[in-house]
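Asker: sequence and predicted model, in that order:
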Amino acid sequence: AFGLNFLITHSLKEYCGYFRPNLYEMCQFSEETLQCESESQGGLSNARHSFPSGHASTAFLGTTLLTLMLLGKAGLHTAPTSITAMLRTKLFAILSIIPMLYATFVAASRVHDFMHHPADVGVGALIGFSCANFAYSLWYPSIYSTVHPGVPLQFLHEDKDQEGEGLLVNETQPSDTLPTSSSPLTGHRQLS
């Protein structure tokens, strides 16, 4: 998830090359000469990397993954056995969303500190949120799943495979062929 987020965010930064809101401050713009007086080329190259916000995308990626994992563990669609169990589930679900406040704070601070435009932060947040949802869906069932929410899909498939109902097909050896064994070095089948 983090690699995909980094690739998308930095590819867009290089492609778009939008100026940061504090460009004139970064380049020490002179109103008399109408030129930048900064001798630091590193700061000026960074001035063209405003869109999208990398801080916002990374913050939303991490906190969205954490929130989804916590919501999966909360068991939103399990039948409550009592009022206290239902209240505990609801409270845990509400508390699971708290990490998203941190991501919102990080995104807002980038606009407040005059490092990004609001659109930069919004698109960065959308990229991080999308990458987190994509990665979560690869490894976990939906948080609304009625069957094993919050349990990695790998464990669900291993349990089914042990019962003989799994998606993985066990390789069987036909009785009319010569016995074979797999070479540990090459993985190719060899005659015994």
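Answerer: Yes, it's here. Bear in mind that the values here come from a model prediction, so they are computed numbers and not experimental data.
Asker: where does residue 138 sit: helix, strand or coil?
Answerer: Per DSSP: H, G, I helix; E, B strand; the rest coil, the secondary structure class of residue 138 is helix.
Asker: now the helices for this protein?
Answerer: Using DSSP state H, the helices of the chain run over residues 2-16, 23-27, 41-46, 54-74, 83-96, 99-112, 118-139, 153-163.
Asker: among those, which is the most enclosed?
Answerer: Neighbour counts averaged per stretch over the helices of the chain are highest for helix 54-74, at a mean of 22; criterion: mean count of other C-beta atoms under 10 Å. For glycine as for every other residue, the C-beta is placed from the backbone atoms N, C-alpha and C.
Asker: what pLDDT is listed against the residue positioned nearest the centre of the chain?
Answerer: Centroid-nearest residue in the chain: residue 132, 2.6 Å away (criterion: C-alpha atoms, centre = their mean). Residue 132 carries a pLDDT value of 96.
Asker: look up how far residue 152 lies from it.
Answerer: Going from residue 132 to residue 152 by C-beta to C-beta, to the nearest Å gives 16 Å.
Asker: hang on, the earlier thing: redo the helices of the chain as CSV? Include distance to residue 34.
Answerer: Compiled in CSV, these are given as follows (distance: least, C-beta to C-beta, whole Å):
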stretch, distance to residue 34
helix 2-16, 25
helix 23-27, 11
helix 41-46, 16
helix 54-74, 31
helix 83-96, 53
helix 99-112, 28
helix 118-139, 26
helix 153-163, 60
